[in-house]
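A.B. asks: Structure, please.
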Amino acid sequence: MDNRHIDLSLKGKEDFAAAMRLALNSKETVGYRLYENEMTLFWSKTSAGDGFKELPYSMFPDDVINFVWGWLESVSPMSPKPVHDGDNEQAFRIYTDVWGHGKFGWQSFVNIKPIWAMHGK
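C.D. replies: Model prediction:
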């Protein structure tokens, strides 16, 4: 299915792993691209463009999940913390475009970025 759409905003490694398993959907991950504090995963390196980096070795889905989680723990959201009557903590967003692709065309299949989770009182 070409228009498989995902847009999840969650927090915690367990939810991250579950969301990534949905996003990976049996796709082999061959590389990634970092752009504006966001990681996009690729299933093909054909015409992947500038900034594409091959994974250092062939990874199983759990390896990809741990690789991306490690990156996610090392970055912060680009936007300032929201001002509201409550608390904020770092979370993540995993999403595709309307055609089920990542930001960089048909070779990419999912985008991941840190976001702020807002907790009301």
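A.B. asks: what's the span of stretch 74-84, first residue to last?
C.D. replies: Using C-alpha to C-alpha, to the nearest Å, one end of stretch 74-84 lies 25 Å from the other.
A.B. asks: how distant is it from the center of its chain?
C.D. replies: Its chain's average C-alpha position is 16 Å from that of stretch 74-84, according to C-alpha atoms, centre = their mean, to the nearest Å.
A.B. asks: And that stretch, what's buried?
C.D. replies: Neighbour-count burial for stretch 74-84, counted by 16 or more other C-beta atoms under 10 Å, picks out residue 77. C-beta coordinates here come from the backbone N, C-alpha and C atoms, glycine included.
A.B. asks: Would you mind pulling the contact partners of that stretch?
C.D. replies: For stretch 74-84, contacts defined as C-beta atoms under 8 Å, 6 or more residues apart in numbering pick out 36-37, 88, 90, 113-116, 118, 120.
A.B. asks: TSV please, covering the residues you listed and showing pLDDT.
C.D. replies: Output for these, formatted as TSV (pLDDT from 0 to 100):
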residue	pLDDT
36	91
37	93
88	82
90	89
113	96
114	95
115	93
116	87
118	80
120	76
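A.B. asks: Thanks a lot, catch you later.
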